[in-house]
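Enquirer: Sequence and computational prediction follow.
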Amino acid sequence: MKRIYLIGYMGSGKTTVGRLLAEQLNWAFIDLDTSIRKRSGYTIHDLFRFYGEEDFRVLEASALYATTLKEETVIATGGGVPCYYDNMKVMKDHGMVIYLEGSPITLAQRLLAEGLNTRPLIKDKDPSELTSFIEKHLDKRLTYYQQAHFTFSIEPKPEEIVIGIIEKMVDL
């Protein structure tokens, strides 16, 4: 196992779990959104605003493909990564894919606590509509997320999720 890809809806804790997992494994960590920001010189919000979602997804796929050249690396992907192009196949062919699964209510609570303006897809959403939006959006993405090798609930503490992932690695 040379790479672990963490997938899941925004707010599922991919970056938090990814950093902790990489630390425990003594591996490198890549946050795909951070990588895209560094490569493009723009924030994710600005990329969406200036170029649109379609062009952003092309940059995202390119950044994802670049991770296949890395070894002993944990990669936290953006929430939409598995849903575009052949990204899910790329991840499954080059590493272990872990879906961090959360309920729409839990995800909405986390995103509200973080602030809606930090995420382009929900920046204009009314907080009272957020859970409903997530339910519908998540429903469209579930087919992709469910293709992961393993699924972990986001309800436990991130440290507990990391322990579960490491146990799965040992079992392989």
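Expert: Happy to help now that I have it.
Enquirer: quick one: the helices in this structure?
Expert: Along the chain, counting by DSSP state H, helices occupy 14-25, 32-40, 44-67, 87-94, 104-114, 130-145, 158-171.
Enquirer: Can you tell me the closest non-neighbouring residue to F50?
Expert: Y42 (7.0 Å; CB to CB, 6 or more residues apart in numbering). Using the backbone N, CA and C atoms, a C-beta is placed for each residue, glycine as well.
Enquirer: Pick the most buried one from the helices of the chain.
Expert: helix 14-25 (a mean of 20; mean count of other CB atoms under 10 Å).
Enquirer: Hey, what's the angle from that helix to helix 32-40? Just curious.
Expert: Put simply, helix 14-25 runs at 100 degrees to helix 32-40, going by axes from the mean of the first three to the mean of the last three CA atoms, to 10 degrees.
Enquirer: which other helices and strands contact helix 14-25?
Expert: strand 3-7, strand 28-31, strand 73-76, helix 158-171 (3 or more CB pairs under 8 Å, 6 or more residues apart in numbering; DSSP states H and E).
Enquirer: T68 and V90 touch, don't they?
Expert: Yes: counting by CB atoms under 8 Å, T68 touches V90, with 6.5 Å between them.
Enquirer: Could you tell me which residues touch both of these two?
Expert: Residues touching both T68 and V90 (CB atoms under 8 Å, 6 or more residues apart in numbering): none.
Enquirer: picking up where we left off before, can you count the residues close to the residue nearest to F50?
Expert: 16 (other CB atoms under 10 Å).
Enquirer: For it, grab phi and psi.
Expert: Main-chain dihedrals, Y42, degrees, to the nearest 10: phi -120, psi 150.
Enquirer: quick one, what contacts N87?
Expert: Per CB under 8 Å, 6+ apart, neighbours of N87: 60-61, 64, 81.
Enquirer: Swap in 6 Å and give it another go.
Expert: Taking CB atoms under 6 Å, 6 or more residues apart in numbering as the criterion, N87 is in contact with 61, 64, 81.
Enquirer: Need the pLDDT of the nearest residue to I36 once chain neighbours are set aside.
Expert: Take I36 and drop its neighbours on the chain: the residue closest to it by CB to CB, 6+ apart is A63, 5.0 Å away. You'll see A63 listed with a pLDDT of 97.
Enquirer: and the gap between A63 and E72?
Expert: 18 Å (CB to CB, to the nearest Å).
Enquirer: Repeat that for L112.
Expert: Taken as CB to CB, the span from L112 to E72 is 35 Å.
Enquirer: Do I have it right that A63 meets T34?
Expert: No: counting by CB atoms under 6 Å, A63 stays clear of T34, with 9.6 Å between them.
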